[in-house]
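Chemist: sequence? don't have it. structure:
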């Protein structure tokens with residue numbers, strides 16, 4: 001991956017859309033104070049790099065902006081602060097002026113507009129997909145103590161399974177969803193981009209319950225599966241800390257970790273598992289992942305199509321059996337190496353290449 005940029009990319013941001021105290025979008029990270037939490041220190045590499053590769057102009061009047069306008073924050077930040085109307089109003093103005101709008105959506109499901117460069121962690125292998133796959137940067141767990149190849153594949157998972165909702169529970173009481181229907185919903189771009197969050201949680205519940213049930217059936221696996229029933233972020237701080245510690249220990253203690261889509265076609269766990277140097281068991285729901293340079297996802301991931309999840313034990317066993325002790329250690333190293341390759345200060349070069357190519 002090239003790390004050289006010929007000259008800084010000139011971008012414009014609307015000061016009225018800046019949210020005080022909220023993490024900015026990747027291209028603006030150097031406008032915020034350095035991170036001090038150990039699991040977030042990776043952002044500082046990007047902060048150090050950005051002044052040499054982007055030049056930021058501020059404006060309040062769109063007529064003063066250049067051709068590339070960047071949304072200052074992840075789009076989810078505007079939703080969480082109930083400022084999405086302001087964002088969409090401005091988006092219409094920018095695109096109506098024939099300027100290019102660059103937006104980062106993280107993992108939420110959104111359909112990009114014509115003229116918008118949309119970087120997203122939730123994407124699909126679909127010819128109608130216009131979002132550009134990016135990592136979902138969450139936390140760097142730090143490469144964990146080396147784990148030896150177990151004689152029996154050890155498989156871990158900690159996560160929400162129920163996605164409780166009164167309406168969804170009512171739907172499940174009266175409607176029987178076939179496996180083929182769940183498979184279709186799980187990986188369909190049109191369905192997911194046109195359902196609200198509540199309905200997508202029904203998909204998450206059906207998908208995750210199916211996978212966990214199939215893993216429990218696999219007799220050749222040693223499993224450590226911890227099912228959650230409440231939204232993690234609504235819990236009291238003390239309970240969140242306890243559950244977070246339990247989640248990290250589950251990753252430390254197991255060689256293989258299930259990575260399953262939630263209420264969108266993404267999963268932050270993939271990146272945390274890679275950061276820890278563990279082997280993701282990636283349940284593929286027609287997801288598009290960022291391109292890796294010099295390696296393939298199959299080099300360190302067990303990739304199981306959701307339609308084949310009833311054979312998940314076979315997939316993991318076949319992957320496990322082909323590895324010597326040394327091969328197993330190398331696969332774990334590759335998992336961490338792929339995470340390092342996709343860290344923001346490395347991936348930003350790819351972001352700039354895409355923007356430059358789209359605007360030339």
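Modeler: All right, it came through fine. This one's a predicted model, so the numbers in the text were calculated from it and none came from an experiment.
Chemist: the lengthiest helix in the chain: which residues count as buried?
Modeler: For the chain, the longest helix by residue count, based on DSSP state H, is helix 197-217. Buried residues in helix 197-217, counted by 16 or more other CB atoms under 10 Å: 199-212, 214-215. (Glycine included, C-beta is placed from N, CA and C.)
Chemist: next SSE after that helix?
Modeler: strand 222-228 (DSSP states H and E).
Chemist: tell me what that following strand is packed against?
Modeler: strand 154-160, helix 197-217, helix 237-253 (3 or more CB pairs under 8 Å, 6 or more residues apart in numbering; DSSP states H and E).
Chemist: what pairs with that strand, parallel or antiparallel?
Modeler: strand 154-160 (parallel) (DSSP bridges).
Chemist: packing partners for the next helix-or-strand element following the partner strand?
Modeler: Where DSSP H and E defines the elements, the next helix or strand beyond strand 154-160 is helix 166-174. Applying 3+ CB pairs under 8 Å, 6+ apart, we find helix 166-174 packed against helix 197-217.
Chemist: roughly how far out does the helix it packs on sit from the chain middle?
Modeler: Mean-position distance between helix 197-217 and its chain equals 18 Å (CA atoms, centre = their mean, to the nearest Å).
Chemist: the inter-axis angle of it versus strand 154-160?
Modeler: Angle between the axes of helix 197-217 and strand 154-160 is 160 degrees (criterion: axes from the mean of the first three to the mean of the last three CA atoms, to 10 degrees).
Chemist: what number of residues lie near residue 101?
Modeler: 21 (other CB atoms under 10 Å).
Chemist: residues touching it, list them.
Modeler: Neighbouring residues of residue 101 by CB atoms under 8 Å, 6 or more residues apart in numbering: 69, 70, 71, 91, 94, 95, 113, 115, 116, 117.
Chemist: before we move on, what about residue 287?
Modeler: 122, 123, 124, 125, 187, 261, 265, 266.
Chemist: let's see it at 6 Å
Modeler: For residue 287, the contact set (CB atoms under 6 Å, 6 or more residues apart in numbering) comprises residue 265.
Chemist: what's opposite it in the beta bridge?
Modeler: With DSSP bridges as the rule, residue 287 is bridged to residue 124.
Chemist: in the worst-scoring helix or strand of the chain on mean pLDDT, what's buried?
Modeler: Counting by mean pLDDT, DSSP states H and E, the weakest-scoring helix or strand in the chain turns out to be helix 166-174, with a mean of 82. Under the neighbour-count criterion of 16+ other CB under 10 Å, helix 166-174 has residue 168 buried.
Chemist: give me the distance from that helix to the chain's centre.
Modeler: Using CA atoms, centre = their mean, the offset of helix 166-174 from its chain centre is 28 Å.
Chemist: show me the helices in the protein, by range?
Modeler: Remark: helices assigned in the chain by DSSP H are 43-53, 75-80, 84-96, 166-174, 179-186, 189-194, 197-217, 237-253, 269-275, 312-321, 325-341, 344-359.
Chemist: tell me which of these sits nearest to residue 300.
Modeler: Proximity to residue 300 (CB to CB) singles out helix 325-341 among these, at 4.1 Å.
Chemist: flag every buried residue along that closest one.
Modeler: Buried residues in helix 325-341, counting neighbours by 16+ other CB under 10 Å, are found at 328, 329, 331, 332, 334, 335, 336, 337, 338, 339, 341.
Chemist: next: stretch 237-249.
Modeler: Applying 16+ other CB under 10 Å to stretch 237-249 flags 243, 247, 248 as buried.
Chemist: which of the contacts of residue 101 fall in strands?
Modeler: 69, 70, 116, 117 (DSSP state E).
Chemist: what's the closest of the residues you listed to residue 169?
Modeler: For the ones in strands among the contacts of residue 101, the nearest to residue 169 is residue 116 (36.6 Å; CB to CB).
Chemist: and residue 276, what is it in contact with?
Modeler: Residues in contact with residue 276 (CB under 6 Å, 6+ apart) are 141, 144, 251.
Chemist: show the buried residues in the contacts of residue 101.
Modeler: 69, 70, 71, 91, 94, 95, 116, 117.
Chemist: re earlier: which among the contacts of residue 101 gets closest to residue 47?
Modeler: Checking these one by one against residue 47 (CB to CB), the nearest turns out to be residue 70, at 16.0 Å.
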